[in-house]
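Q: generate coordinates for the sequence data below:
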Amino acid sequence: MAKVLMVQGTMSNAGKSLLVAGLCRIFKQDGYRVAPFKSQNMALNSFVTEDGLEMGRAQVMQAEAAGIKPEVSMNPILLKPTNHTGSQVIVNGEVLGDMKARDYFAYKKKLIPDILKAFHLLEEKADIIVIEGAGSPAEINLKENDIVNMGMAKMVDAPVLLVGDIDRGGVFAQLLGTLMLLEPDEFQRVQGLIINKFRGDKSILDPGIEMLYEKGKIPVVGVVPFMELQLEDEDSLSERFHSKGKKPIDMAVIRYPRISNFTDFNVFEQFSEVGVRYVSSPKDLEYPDLIILPGSKNTLGDLRWLRESGMEQAIFERLSDTPVFGICGGYQMLGEKVLDPENQEEGGEIPGLGLLPVTTILQEQKVRKQVRGEIPSLQGIFSDLSGLTYQGYEIHMGASQECNQSKKPSDCESSNTGKLPAVMQQENVYGTYVHGIFDKGEIAENVVLALAKKKGITLSFTKGLDYDTIKEAEYDKLAETLRQYLDMDAIYGMLREANYEYRDEN
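A: Numbering: from 1, shown residues only. Below is the predicted model of the structure:
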């Protein structure tokens, strides 16, 4: 039976995802078969597995660190917010339906059999399973019927590491306050505390750590420094969104309210002379070298936002000199119109930006598939991408058709027949459904070089790396840092001492 360890946090974005990834890499390096697990994830960044199922990208990142292929059993429940009060609920990789928060809160305990089944599937393949919690176990309004924090720990009898974020301040209050709000049996599960994202001289912190133990009676098993890593992080609180810096090559990603899969652009971070900005107002757009319309969980709503905020007009004003690249929902927005006859999002139809000859009809059936092939012949600034091999995945509710305003949708060619090109181009505008299209081979490098050539500048880098190669080095760097700053002997001791008796609460 697999050994189990759980990482919980005092708040969202305390660093749980990266710590789980780092522990997975350490256990892998030490010769164990290890797998990540998160019973319920709420994120707009998702991935499609080889068998066409949808899961959160955080568990994909952790699976990569563990050296195994991602599978949906690592994340049996995925919530993708559609608005402030509701989410699309995905169970075992397939859409269950849209639910309001209150309805899901009342329903979620029915999903415990799915959670345990997924966990048992991982047990058959792993020596160690590292579980990630969500938010905080001390959200007293959400503790009833919990399935992702202490509720999950009880189901599989897991010892818990509790992580606090010192970078945002108040870490001692975070940790002690969380411990105080736990039930006695929950408190007993916490075997160690981790102070994360520390900057400075640890000796200054030591008196606080001693007092923390005196008051909380739980040892601190690590003070982990703030790390600059080119790895994925939580979408809603990403520090990438707050970057204002511009570099010789300036890319502007439009940050609409329901932006999804912004990890498509992480690959460009390897280039020291490329800056990626996330822009949510026309005044901040300025005059970038490339405008990117990313994925969206609500294409109709974000398209309306694009128009009402003035961002659409700002894009039009720059079209003559600035290329525009749309991915997935952004690709749909660049088309002639988006129709929603089945009320998958907001119903009705809305004109697109009219920059690509594509009409999209939103449908109940979600397209989920991994794809690979060669980029078709392109013209214009990105002509050098022609013929390069791409690999990625599609995940979208809409079926797009090559169709201009003069045709009825019924007379257009459907994307389901495979007739749409992997990348569509019209003048200075490009669009694709392929998430991760920039990650493989020389595609990102060619994009950067094309923008530099247009700008008349020479960049100092010699050759871009395949993004998978970059991530492998980053996982090793993460593991090396954690080995230095965590008490791994204590953590291995937690694995040895756990009982692992299942308590099926169904």
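Q: got the phi/psi numbers for Glu374?
A: Torsion angles at Glu374 (phi, psi; degrees, to the nearest 10) stand at phi -110, psi 140.
Q: pretty sure it is touching Pro421, no?
A: No: with contact defined as C-beta atoms under 8 Å, Glu374 does not reach Pro421; the gap is 10.3 Å. Where C-beta positions appear, they are placed from N, C-alpha and C, glycine not excepted.
Q: these two: who's more crowded?
A: Pro421 (16 against 12; other C-beta atoms under 10 Å).
Q: C-terminal to the one helix or strand in the chain whose mean pLDDT sits lowest, what's the next element?
A: One helix or strand of the chain scores below all others by mean pLDDT, DSSP states H and E: strand 413-414, with a mean of 44. Using DSSP states H and E, the next helix or strand after strand 413-414 towards the C-terminus is strand 423-426.
Q: what pLDDT, on average, does the host helix or strand of Gly275 get?
A: Assigned by DSSP H and E, Gly275 belongs to strand 274-279. Strand 274-279 comes out with an average pLDDT of 93.
Q: got it, and stretch 250-257?
A: 95.
Q: strands of the stretch 301-450 of the chain, start to end?
A: Counting by DSSP state E, counting those that start in this stretch, the stretch 301-450 of the chain has these strands, from start to end: 324-327, 337-340, 348-351, 358-374, 389-402, 413-414, 423-426, 429-432.
Q: and the longest helix for this structure?
A: helix 467-485 (DSSP state H).
Q: just want the angle from that one to strand 389-402.
A: 120 degrees (axes from the mean of the first three to the mean of the last three C-alpha atoms, to 10 degrees).
Q: can you pull the buried residues of helix 467-485?
A: 467, 470-472, 474-475, 477-479, 482, 485 (16 or more other C-beta atoms under 10 Å).
Q: ok, now stretch 381-398?
A: Neighbour-count burial for stretch 381-398 flags 381-382, 384-385, 388, 390-398 (criterion: 16+ other C-beta under 10 Å).
Q: tabulate those residues in a markdown table, adding columns for pLDDT.
A: Output for the buried residues of stretch 381-398, formatted as a markdown table (pLDDT from 0 to 100):
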| residue | pLDDT |
| --- | --- |
| Ile381 | 97 |
| Phe382 | 97 |
| Asp384 | 95 |
| Leu385 | 96 |
| Leu388 | 95 |
| Tyr390 | 95 |
| Gln391 | 94 |
| Gly392 | 95 |
| Tyr393 | 95 |
| Glu394 | 95 |
| Ile395 | 93 |
| His396 | 91 |
| Met397 | 86 |
| Gly398 | 83 |
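Q: give the other helices and strands that the strand holding Gly275 contacts.
A: strand 249-254 (3 or more C-beta pairs under 8 Å, 6 or more residues apart in numbering; DSSP states H and E).
Q: which is the next helix or strand following the strand it packs on?
A: Using DSSP H and E, the helix or strand that follows strand 249-254 towards the C-terminus is strand 259-260.
Q: Trp305 against Ile259, yeah?
A: No: Trp305 is beyond contact range of Ile259, at 10.4 Å (criterion: C-beta under 8 Å).
Q: low-confidence regions, this structure specifically.
A: 233-245, 404-419, 462-465, 498-506 (pLDDT under 70).
Q: chain center to stretch 27-34: distance?
A: Distance, stretch centre to chain centre, for stretch 27-34: 24 Å (C-alpha atoms, centre = their mean, to the nearest Å).
Q: picking that back up, just the strands of the stretch 301-450 of the chain: most buried one?
A: Highest mean neighbour count of those: strand 324-327, a mean of 26 (counted as mean count of other C-beta atoms under 10 Å).
Q: ok, and what's touching that strand?
A: Strand 324-327 is contacted from outside by 261, 264, 290-295, 315, 332-334, 355-356, 428-435, 437, using C-beta atoms under 8 Å, 6 or more residues apart in numbering.
Q: restricting to C-alpha, output that strand in PDB.
A: Below are the C-alpha coordinates for strand 324-327, written out as PDB (Å, rounded to 0.1, in the frame of the first residue of the first chain):
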ATOM      1  CA  VAL A 324      -2.100  39.600 -33.200                       C
ATOM      2  CA  PHE A 325      -2.200  35.900 -32.200                       C
ATOM      3  CA  GLY A 326      -5.300  34.300 -30.700                       C
ATOM      4  CA  ILE A 327      -5.400  30.900 -29.000                       C
END
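Q: list the pairing partners of that strand within its sheet, with orientation.
A: strand 290-293 (parallel), strand 429-432 (parallel) (DSSP bridges).
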